[in-house]
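Peer 1: Pasting a predicted model and its sequence here:
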Amino acid sequence: MKVLIATDKPFASEAVNSIRDIIENAGFELVLLEKYTEKKQLLDAVANVDAAIIRSDIFDKEVLDAAGNMKIVVRAGAGFDNIDLDAATANNICVMNTPGQNANAVAELAFGLAVYAVRNLYNGTSGTELYGKKLGIHAYGNVGRNVARIAKGFGMKIYAYDPFLSAEAVAKEGIIAVGSPEELYSACQVVSLHIPATAETKNSINYKLLSKMPKNALLINTARKEIINEPEIAKLMEDRKDFKYVTDILPGNHAEMSDKFAGRYFSTPKKMGAQTSEANVNAGIAAANQIVDFIKNGNERFRVNK
């Protein structure tokens, strides 16, 4: 039984060593493909393995069709839009993620970006505080809950919208639940995005929605690039000189945004949300344990495809 780690952006060596221990102690063989530069390298690597652990690597139909022996792919992280779920199902491949393992790392980054933004990107001018501000959490999952935990320490008033949770479930955690994105954005000066990229959410963060935010608004995106309507957020920032946007996903119009909105816009050069040694190790270990549990016991607890 062969388990492949296929990572364009490699795990930390500590994570690889921990994964190796789990895989080899289960009696399996570990195969490593790191920092590959061509898709052909990935296609060759998946051809003769039974399982794979990936990060943001693209497992499209071509890759999954080439994986003739593949039984399971685990994305070490929460999102899984880099995997063609329909193609996986067609090839009888189970797809899993590792929810919660990166949640604290992403939440801490969201607040690092928030403080950086309200202090005017540390440019020496007088900024504002987060204390007493209304924070809207768009999607109250693992990351959203960690954002709420940190926000309580900042003394913020916390709102959340999540169509998959009841208002009662959210309220039990001391959070004000709202019934729509429009209600969330209208109420909150700061909104933190944690929604996945789906057919329903792509381009949903648009001019109409963001224009509802109060004066001196701040939008924080540590979720996905595809959920932002990039031309419309640029238009909004032209129309509203009080609006700030900080993101962990480099926009396609980054050069334009940087030029036009200096002091009100910032993007990390690459996605940094899960880039901590702790999250790296946690997600890798979880992925390895899930593969072993699936192959030995048939456990499909974190399966995301049909």
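Peer 2: Received the coordinates, thanks.
Peer 1: List the residues that contact Asp81.
Peer 2: 196-198, 224, 226 (Cβ atoms under 8 Å, 6 or more residues apart in numbering). For glycine as for every other residue, the C-beta is placed from the backbone atoms N, C-alpha and C.
Peer 1: Apply 7 Å and report the result again.
Peer 2: Contacts for Asp81 (Cβ atoms under 7 Å, 6 or more residues apart in numbering) come out as 196-197.
Peer 1: Then the one 10 residues further on?
Peer 2: For Asn91, the contact set (Cβ under 7 Å, 6+ apart) comprises 64-65, 67, 70.
Peer 1: Which pair of those residues spans the longest distance?
Peer 2: Spatially, the most separated pair among the contacts of Asn91 is Asp65 and Met70, at 9.9 Å (Cβ to Cβ).
Peer 1: what does stretch 269-286 rub up against?
Peer 2: Stretch 269-286 has contacts (Cβ under 7 Å, 6+ apart) with 11-12, 14-15, 18-19, 22, 53, 76-77, 98, 101-102, 105-106, 109, 222, 248-250.
Peer 1: and Ala45, how far is that from Ala234?
Peer 2: Going from Ala45 to Ala234 by Cβ to Cβ, to the nearest Å gives 40 Å.
Peer 1: Show the buried residues in the contacts of stretch 269-286.
Peer 2: Those of those that meet the buried threshold are 11-12, 15, 18-19, 22, 53, 76-77, 98, 101-102, 105-106, 109, 222, 248-249, by 16 or more other Cβ atoms under 10 Å.
Peer 1: Show me the residues you listed that map onto helices.
Peer 2: 15, 18-19, 22, 105-106, 109 (DSSP state H).
Peer 1: of all the residues you listed, which two lie farthest apart?
Peer 2: Ile22 and Leu109 (27.3 Å).
Peer 1: Now the ones in helices among the buried ones among the contacts of stretch 269-286 in CSV, please, with extra columns for distance to Lys271.
Peer 2: Below are those laid out as CSV (distance: Cβ to Cβ, whole Å):
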residue, distance to Lys271
Ala15, 17
Ser18, 22
Ile19, 21
Ile22, 26
Ala105, 11
Val106, 10
Leu109, 10
